[in-house]
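Trainee: Here is the input, now give the coordinates:
(4 chains)
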Protein chains: 2
Amino acid sequence: MPRKPANQTVQREDILLAAAQIFQERGYEGATMAHIARKVKLTAGSLYHHFPAGKPDLLLAVLNAGLDAVMTQFDQVQAATINPTEQLRQMITAHVVSVTHNVSVGAAMVFEIRTLFALGEHEAHLEARDAFLRRRDEFEQRYRDVIQQGIACGEFRSVDVNIFTKALLGAHNWISVWYHSSGRLSGHEIAERMVDTFLASLRC
Amino acid sequence: MPRKPANQTVQREDILLAAAQIFQERGYEGATMAHIARKVKLTAGSLYHHFPAGKPDLLLAVLNAGLDAVMTQFDQVQAATINPTEQLRQMITAHVVSVTHNVSVGAAMVFEIRTLFALGEHEAHLEARDAFLRRRDEFEQRYRDVIQQGIACGEFRSVDVNIFTKALLGAHNWISVWYHSSGRLSGHEIAERMVDTFLASLRC
DNA sequence: AGGTTAATCAAACGTTCGTTTTATAATTTT
DNA sequence: AAAATTATAAAACGAACGTTTGATTAACCT
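Mentor: A predicted model of the protein is given here:
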């Protein structure tokens, strides 16, 4: 019954990025395995060879890839210990550039967190889900820490650290909604303006 | 075959708010008519009596309700013409209080815009969709206008108006993700801190 | 009181989806 | 070259979904 030349070249990461794009266009629930398969020129069933645990596993892989990307850069920033102002500048830049560098993955981290909670009805991916959420909290905590340090050492004025951090994160997350690579500004240029906006707000 | 006491009291707005809550929990595609019906104690088919055009119509009704709520308050702010600083303060307050006052509807306006575009494959709700998107652009334009005016008259420092507005909108939109009515701060208190954050950033 | 309209339910319909199974082709190993 | 492994397609499956239809009850209006 079946055959076909077979490219034999589709890799796990290709599928992952295709999934991220389809998730961005249609949302996790609106995305079908056939949509994703089509983008890498496979059939829906063939995806199970690369992701045996199916669609939920595909989502977790996308989310973890996004968090890995930005966390790796954060580690580099904090390795070179500097003053809070410079540290926050570099964290914002790393974060914004990361989002604009792969918008689909960034969008998944904004729009599909809710999906992760709705997933909790099936008792299988719970461990992977909780591990992701813990790392995500840690990510947010790093922003809070550097802002708190800046206030403590007098570089920043006194602000509500929690709300300020939420405002900062919301501004960055929203970028994945409106950014297009063909737009007026590059990722770096957007990052500069975000740094300008939030460092100005923290000025004593 | 069928019967049932019949409450005879379910109103269009009850269904609309129930839909918003289900959309928030599961996303538009993850929400089923049965989920929504259950929340107002009806069956899925009965929803078509109140919303003949079905699920897409339900989404558009939710989104328009959200935009109506905030636009009404914006009109009041601009009726009393004052200086840009005070005008922006009142716009931010109106916006944030509106989001925290009905989080589900606010969340829909953040998370289901994408759904609106994916809807475009069926040529029926296109007009209602485009009308909504136009009003939404108008909403964003009001923020840009007041910031531009503030810069022009020297009350605000010179910033990239587009990016600053996107940052502001992102911060506000993100509130519908993390806000809970049982949290540390009320909607008004969060609004005060957002005003503080962004007006400080615009200070000359 | 009688007739009309509005609101609801139960059931059925056709479609689509995630997943599983089985067969086949390509690649790698021996 | 033969055998084993990997990657893929095709087909089938059962479940779930949005929507339609027809019957039934409640409310309203002469």
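Trainee: The lengthiest helix in chain A packs against which elements?
Mentor: Identified as the longest helix of chain A according to DSSP state H is helix A:126-152. Judged by 3 or more CB pairs under 8 Å, 6 or more residues apart in numbering or on different chains; DSSP states H and E, helix A:126-152 is in contact with helix A:55-79, helix A:84-101, helix A:113-118, helix A:161-178. Using the backbone N, CA and C atoms, a C-beta is placed for each residue, glycine as well.
Trainee: Let's see the second one as CSV, backbone CA atoms only.
Mentor: Once non-C-alpha atoms are left out, helix A:84-101 reads as follows in CSV (Å, rounded to 0.1, in the frame of the first residue of the first chain):
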residue,chain,number,x,y,z
PRO,A,84,22.9,46.6,39.0
THR,A,85,22.4,49.3,36.4
GLU,A,86,24.7,47.5,33.9
GLN,A,87,23.4,44.1,34.9
LEU,A,88,19.7,45.1,34.3
ARG,A,89,20.7,46.7,31.0
GLN,A,90,22.3,43.4,29.8
MET,A,91,19.4,41.3,31.1
ILE,A,92,16.8,43.3,29.2
THR,A,93,19.0,43.2,26.1
ALA,A,94,19.4,39.5,26.3
HIS,A,95,15.7,38.9,26.9
VAL,A,96,14.5,41.2,24.2
VAL,A,97,17.0,40.0,21.6
SER,A,98,16.1,36.4,22.5
VAL,A,99,12.4,37.0,22.0
THR,A,100,12.9,38.8,18.6
HIS,A,101,15.4,36.1,17.5
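Trainee: Next one: that helix, is it in contact with chain B?
Mentor: No - Helix A:84-101 is not in contact with chain B by CB under 8 Å from any CB of the partner chain; minimum separation 10.5 Å.
Trainee: low-scoring stretches of chain A, by residue?
Mentor: The model of chain A has pLDDT under 70 over residues A:1-10, A:120-121, A:123.
Trainee: Just say which of the helices and strands packed on helix A:126-152 is most tucked in.
Mentor: helix A:161-178 (a mean of 22; mean count of other CB atoms under 10 Å in any protein chain shown).
Trainee: Following element in sequence after that one, please.
Mentor: helix A:187-202 (DSSP states H and E).
Trainee: so that following helix versus helix A:126-152, what angle?
Mentor: For helix A:187-202 against helix A:126-152, the angle by axes from the mean of the first three to the mean of the last three CA atoms, to 10 degrees is 50 degrees.
Trainee: thinking again about what came up before, take the helices and strands packed on helix A:126-152 and lay them out in CSV including distance to DNA strand C.
Mentor: What follows is the helices and strands packed on helix A:126-152, written out as CSV (distance: least, CB to the nearest atom of the strand, whole Å):
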stretch, distance to DNA strand C
helix A:55-79, 4
helix A:84-101, 26
helix A:113-118, 12
helix A:161-178, 22
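Trainee: now residue A:21, nearest residue through space, not along the chain?
Mentor: The shortest distance from residue A:21 to any non-neighbouring residue, by CB to CB, 6 or more residues apart in numbering or on different chains, is to residue A:104 (4.6 Å).
Trainee: Would you mind measuring from that neighbour to residue B:97?
Mentor: Note on residue A:104: its distance to residue B:97, by CB to CB, to the nearest Å, is 33 Å.
Trainee: Could I get the buried residue list for the longest helix of chain A?
Mentor: Of the residues in helix A:126-152, A:128, A:129, A:132, A:136, A:139, A:142, A:143, A:146, A:147, A:150, A:151 count as buried by neighbour count, 16 or more other CB atoms under 10 Å in any protein chain shown.
Trainee: got the angle for it vs helix A:55-79?
Mentor: Using the same axes, to 10 degrees: helix A:126-152 against helix A:55-79 is 30 degrees.
Trainee: how many degrees apart are helix A:126-152 and helix A:161-178 in direction?
Mentor: Using the same axes, to 10 degrees: helix A:126-152 against helix A:161-178 is 120 degrees.
Trainee: Is there any residue in helix A:126-152 that contacts DNA strand C?
Mentor: No - using CB under 7 Å from any atom of the strand, helix A:126-152 stays clear of DNA strand C, coming no nearer than 14.1 Å.
Trainee: okay, now the residue lying closest to residue A:196 once chain neighbours are set aside: neighbour count?
Mentor: Closest residue to residue A:196 apart from its sequence neighbours, by CB to CB, 6+ apart: residue B:159 at 7.2 Å. Residues lying near residue B:159 (other CB atoms under 10 Å in any protein chain shown) number 20.
Trainee: quick one: contacts for residue B:159?
Mentor: A:193, A:196, A:197, B:147, B:151, B:201, B:202 (CB atoms under 8 Å, 6 or more residues apart in numbering or on different chains).
Trainee: And residue A:161, by the same measure?
Mentor: Contacts of residue A:161 by CB under 8 Å, 6+ apart are A:144, A:147, A:148, A:151.
Trainee: mind checking how far residue A:23 is from residue A:37?
Mentor: Applying CB to CB to residue A:23 and residue A:37 gives a distance of 14 Å.
Trainee: who's more crowded, the two?
Mentor: residue A:23 (27 against 20).
Trainee: mind listing what the more buried one touches?
Mentor: Counting by CB under 8 Å, 6+ apart, residue A:23 touches A:31, A:59, A:62, A:104, A:107, A:108, A:111, A:112.
Trainee: and the gap between the fifth one and residue A:23?
Mentor: Yep, that's residue A:107 we're talking about. 7 Å.
Trainee: ditto for the second one
Mentor: Going from residue A:59 to residue A:23 by CB to CB gives 7 Å.
Trainee: same question, the fourth one
Mentor: The gap separating residue A:104 from residue A:23 is 7 Å, by CB to CB.
Trainee: which one of the buried residues of helix A:126-152 sits closest to residue A:72?
Mentor: residue A:139 (11.5 Å; CB to CB).
Trainee: Setting aside sequence neighbours, what's the nearest residue to the closest one?
Mentor: residue A:71 (6.4 Å).
Trainee: gap between the one you found and residue A:171?
Mentor: 19 Å.
Trainee: same question, residue A:103
Mentor: From residue A:103 to residue A:171 the distance is 16 Å (CB to CB).
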